[in-house]
Structure formats: C-alpha cells, structure tokens
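S.K.: sequence plus predicted model, see below.
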Amino acid sequence: MKILVTGKSGQLGRSLQKFISNFDHHEFTLTGREELDLSSSESISKYFDTHSHFDVIINCAAYTAVDRAEKEADLADEINHLAVKQLAEFANSQNAKLIHISTDYVFDGYKNSSYLENDSTNPINVYGRTKLLGEEAVLEAMPNNALIIRTSWGYSEFGNNFVQTMLELARERGEINVVSDQIGSPTYASDLAKALLNIISNDNFNKKTFPTEIFHFSNMGETSWSDFAKEIFKLANLNYKVTPISSEQYPTPAIRPKNSILSKEKIKNHFKLQIPSWKQSLKECLNQII
Ligand SMILES: NC(=O)c1ccc[n+]([C@@H]2O[C@H](COP(=O)([O-])OP(=O)(O)OC[C@H]3O[C@@H](n4cnc5c(N)ncnc54)[C@H](OP(=O)(O)O)[C@@H]3O)[C@@H](O)[C@H]2O)c1
C-alpha cells in the first residue's frame, strides 16, 4: 500500500518512523509542514495536485499547543479542522482510507468512569473544540473508510512532553508541584505507532469498504499527573519530591478535563490489539531517554 503520513517530525510521526522498516512491503511517504502545510488550503491542494494515488493517509499532524490555542483559535481551527476536512475530502475522492488522530479533550471530563467512543462530546477548551470539528468533518466527508482514533496524555523520547518536562524541571529544582485532580491514561507514542501499523495490516481495515468509526487508544491503567510524575522519578531512580496540588493551584490558559480516561475495549477487540500498561511503557520510554 502507498501510505501518506503527515506530521513526520512530531512525537507520533517520529515514533512511526522507528517501526516502518518492518513494514517494507508498504511504501511510506512522510511529510512535514515544508512539504504539506496544513495551515494553508492552497498548500494542501498543491501537494495533492502533484502527489496522489495514496491508499492510506495517516494524519499525525495537528496544532497541539493546548494553551496557545486559546489565543490562536483561527490557526488551530485551520490545522485541526479545515485541513482535516480537506484531507478527508481528498481521501474520499481517491477511494483512499484515512486514519485521523484525535483527542480525549473532545470530552468535558465530568464522567465518573472511562469514556466510551459514543459518549457525548463537550470540549472545554479551544484545542478540544477544533479537534472535535475535525472529527465531525471526517465523519461528514467520509461515511466510509476512515478511522478516528482518540488518544490522551501522549509522551515519547522525542520532543516536548510531560515526561521530558518533569525530568528537566526536577533536575533544576529538586522538587516539583504537580496537579493531582486530573486523571487519565498516559500514551507512549511508540505504542500508538505500533497499533497503527498493526491496524493497517488487520483484515477489518483491509476490507474494500467499512463504515467510518471512532476508537480510543491509550495505555492500559490510569493515574493522575502527580502519580505519573512520581512513577517517572521512581523508574528513573531520581530522588525528587512531588507535591500534589489542585488544578486551581496551577491555573493554565486552557482548562483541562478532570477525567480523561478512555475505554480501550473497542479498539482491542476490533483490531485484536494487545495494549501494554502505562507503567510498563513508561519504563520502556525512560530506557530510551536515559
Ligand atoms: N501529545 C498528546 O498529548 C496528545 C494527546 C491527545 C491527542 N493527541 C493527538 O495525537 C496526534 C499526534 O500528536 P503528537 O503528540 O505527535 O503531537 P506533536 O509532537 O505536537 O506533533 C504535531 C505535528 O504536527 C505538525 N504540524 C503542526 N502544524 C502543522 C502545519 N501547519 N502543517 C503541517 N504539519 C504541522 C508538527 O510539525 P512541526 O514539527 O514542524 O511543528 C508536528 O510534526 C495529534 O493529532 C494530536 O492532536 C496528542
């Protein structure tokens, strides 16, 4: 299959690149904003004028600066919504399949148990609203042959993320205050990358046509940001103190959902995936970093 990947320099894009050599029966085209700028509908049209005939598009690119999005709503909308609409329309016109990555931030976080794919959405920040509009654009443009995969609390050995930030901040200060009243499931980007590669090899994905569906993916188990930080320092053998604080004590421009736990049963059953626990995967990532 000819597979187009956007966001090649992001956490998920770089994680995919770790494994694609095991899938050399497929031809991967990796793009960054230099080749395919998702903030410009012209750039997208131009790219597809000269590059077509993809069987699958995996959209890993997104405007992911959650706090900055509060002030850059138009740019976030361009990348997370309008560009996604254009990608989905192109994929549909080419009979290509689309895998679009979305977020737990489409939910408001008030549910008392893990979120199912068909739970009502109600984003509470700009980033979440633009990502939800992106999901809706996919569902409208592609009633068939697309997967929307929502993920949460992404980290990796690449780029800026919670794990890297904790290691840096604690090194500077020796102790750190971390929010304890937001719970969720961390996602090691390598695990999501492996899952995506397994999905494109799965019979359910390789049917000529399948109805577009939403799935959830994160590592198994759940934690709070402060317990996540404690586990990072424990596994890294670092004796740093973590003081749990409330979200109110750590105000940010964008409000975050209190509960971000996604149920993974649907994706596990549908694509026969085995998903590691967040602690097991954190250990693997720290081995890569340290
Ligand atoms: N990380 C998380 O915690 C998290 C949580 C939930 C959902 N997600 C979703 O997971 C997916 C992958 O995220 P990630 O963690 O890999 O994020 P990331 O590391 O921030 O990567 C985002 C990628 O998008 C690219 N991008 C941004 N603006 C672009 C533009 N105008 N044109 C083309 N590319 C552009 C970035 O390019 P540059 O490198 O050039 O900036 C980068 O490669 C995204 O859909 C995100 O919304 C992530």
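M.R.: Arrived safely, thanks for sending. Computed from a predicted model, the values in this text were never measured in an experiment.
S.K.: next helix or strand past whatever helix or strand Q164 lives in?
M.R.: Per DSSP states H and E: Q164 is located in helix 162-173. As assigned by DSSP H and E, the chain's next helix or strand after helix 162-173 is strand 175-179.
S.K.: distance from that following strand to the middle of the chain?
M.R.: In terms of Cα atoms, centre = their mean, to the nearest Å, the centre of strand 175-179 is found 25 Å from the chain centre.
S.K.: kindly export it (C-alpha atoms) in PDB.
M.R.: What follows is strand 175-179 as a C-alpha-only set of coordinates in PDB (Å, rounded to 0.1, in the frame of the first residue of the first chain):
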ATOM      1  CA  GLU A 175      11.200  19.200  43.900                       C
ATOM      2  CA  ILE A 176       8.100  19.900  42.000                       C
ATOM      3  CA  ASN A 177       4.300  20.600  42.400                       C
ATOM      4  CA  VAL A 178       2.100  18.600  40.100                       C
ATOM      5  CA  VAL A 179      -1.700  18.500  39.600                       C
END
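S.K.: do the helix or strand following that strand and the ligand meet?
M.R.: Later in the chain than strand 175-179, the nearest helix or strand by DSSP H and E is strand 183-184. No: figure legend: strand 183-184 not in contact with the ligand (Cβ under 6 Å from any ligand atom); closest approach 9.4 Å. C-beta coordinates here come from the backbone N, C-alpha and C atoms, glycine included.
S.K.: which other helices and strands contact strand 183-184?
M.R.: Here strand 183-184 touches strand 223-224, going by 3 or more Cβ pairs under 8 Å, 6 or more residues apart in numbering; DSSP states H and E.
S.K.: nearest residue to the residue of the stretch 51-200 of the chain found nearest the ligand other than its sequence neighbours?
M.R.: At 2.8 Å from the ligand, G154 is the closest residue in the stretch 51-200 of the chain, using Cβ to the nearest ligand atom. Leaving aside its chain neighbours, G154 sits nearest to T187 (5.0 Å; criterion: Cβ to Cβ, 6 or more residues apart in numbering).
S.K.: quick one: contacts for the one you found?
M.R.: Counting by Cβ atoms under 8 Å, 6 or more residues apart in numbering, T187 touches T151, S152, W153, G154, Y155, F217, S218, N219, W278.
S.K.: once you drop chain neighbours, what's closest to the last one?
M.R.: Which is W278. Nearest non-adjacent residue to W278, counting by Cβ to Cβ, 6+ apart: N219, 3.8 Å away.
S.K.: and the one you found, how many neighbours?
M.R.: 25 (other Cβ atoms under 10 Å).
S.K.: any regions of the stretch 1-150 of the chain where pLDDT drops low?
M.R.: Judged against pLDDT under 70, the stretch 1-150 of the chain has no low-scoring part.
S.K.: what residues does it have near the ligand?
M.R.: Proximity of the stretch 1-150 of the chain to the ligand (Cβ under 6 Å from any ligand atom) is limited to residues 7, 9-13, 32-33, 36-39, 60-64, 79, 101, 103, 131.
S.K.: any of these buried? List them.
M.R.: 7, 9-13, 33, 36-39, 60-64, 79, 101, 103, 131 (16 or more other Cβ atoms under 10 Å).
S.K.: quick revisit: buried stuff in the helix holding Q164?
M.R.: Across helix 162-173, burial judged by 16+ other Cβ under 10 Å covers F162, V163, Q164, M166, L167, L169, A170.
S.K.: for it, packing partners?
M.R.: The contact analysis (3+ Cβ pairs under 8 Å, 6+ apart) places helix 162-173 against strand 154-155, strand 175-179, helix 225-235, helix 278-289.
S.K.: tell me how far the last one is from the chain's mean position?
M.R.: If I follow you right, that is helix 278-289. 18 Å.
S.K.: what's it packed up against?
M.R.: helix 162-173, strand 187-188, helix 189-201, helix 225-235.
S.K.: residues in contact with the third one?
M.R.: Helix 189-201 is contacted by residues 1, 3, 11-12, 14-16, 18-20, 22-23, 26, 56, 58, 99, 101, 147, 149, 151, 154-156, 158, 205-206, 217, 219, 267, 271, 273, 275-276, 281, 284-285 when judged by Cβ under 8 Å, 6+ apart.
S.K.: right, and K97 touches N59 too?
M.R.: No: using Cβ atoms under 8 Å, K97 is not in contact with N59, being 11.4 Å away.
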